[in-house]
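Student: predicted coordinates and the sequence they were generated for:
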Amino acid sequence: ENIVRDRTLVLRVLVPGLHTQLSDKLLAKQEGADSNSSTSNNNNNNPAATSSSSGNGGNNSGNSSSAADQILNLEGVTCLPSSAGSTLWHFRCDGATYPARLVNLPCPVEVHKTHDHATYHKSADIGQMLIVYEDEYAMEEAENEKGYKIEGFPSYYHSGLSPPMKRVVQRRFRARFEERESKAIPPPHKEVSEVEKGIQELI
């Protein structure tokens, strides 16, 4: 079964305009978090404000824990599988629904965070990606494209995240798989003789 295994996923959006909407929502959420943090700092400097707001601490922690269980914690955005254990997902944003496919990345990706661009701390391992398509026709057209699925590796996406990892399953994994099945071919006698002469000269 190709189900969600990690707490962090790569979200690849292939819908024109949807990426901008999500970026705006993330920016608004970040600005709200910054304003809340500045407000809490002001409350810490004011003992009266701190005591009056302490009664709501339990509710805030409960909301944060419930939000942590969601894949996407953005206003107006939900993402749910079509059925239990299915790779087909429904991505909803502001009332519009888009089909999405959950795939396994060919290689796990490490995510690091930094505050000074000098020291980096590993924060997560990413092994899966959710691809959001404009409609079902676009998804079927992409998945029916030649080379989308590699024989012997049906659950892996054909490419990684960076340009050097394009078609990595076919170029590296499949090539090694074929080498194990094929018979070894000895090198030409002429090349062997040239190598022997070079070794003798060095000795």
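Tutor: Nice, I can see it.
Student: show me where this structure has its strands.
Tutor: Under the criterion DSSP state E, strands of the chain are mapped to 10-13, 77-81, 88-93, 96-113, 121-132.
Student: quick one: buried residues of the second one?
Tutor: Buried residues in strand 77-81, defined by neighbour count with 16 or more other CB atoms under 10 Å: 77, 79, 81. Glycine gets a C-beta too; all of them are placed from N, C-alpha and C.
Student: any idea of the pLDDT on the first one?
Tutor: Yep, that's residue 77 we're talking about. In this model, residue 77 is scored at 85, pLDDT.
Student: before we move on, what about the last one?
Tutor: The model reports residue 81 with a pLDDT of 84.
Student: check contacts around it.
Tutor: In this structure, residue 81 makes contact with 3, 88-90, 102, judged by CB atoms under 8 Å, 6 or more residues apart in numbering.
Student: neighbours of residue 90, just the number please.
Tutor: When neighbours are counted by other CB atoms under 10 Å, residue 90 registers 13.
Student: run through the bridge partners of residue 93.
Tutor: When bridges are called by DSSP bridges, residue 93 pairs up with residue 77, residue 96.
Student: my guess is it contacts residue 18, does it?
Tutor: Yes. Using CB atoms under 8 Å, residue 93 is in contact with residue 18, at 6.3 Å.
Student: just the helices from this structure, written as ranges.
Tutor: Taking DSSP state H to define them, one finds helices in the chain at 18-45, 47-53, 57-68, 136-143, 168, 174-181, 189-202.
Student: what angle separates the fourth one from strand 88-93?
Tutor: Going by axes from the mean of the first three to the mean of the last three CA atoms, to 10 degrees, helix 136-143 is angled at 130 degrees with respect to strand 88-93.
Student: what residues sit buried inside helix 136-143?
Tutor: By 16+ other CB under 10 Å, the buried positions in helix 136-143 come out as residue 139.
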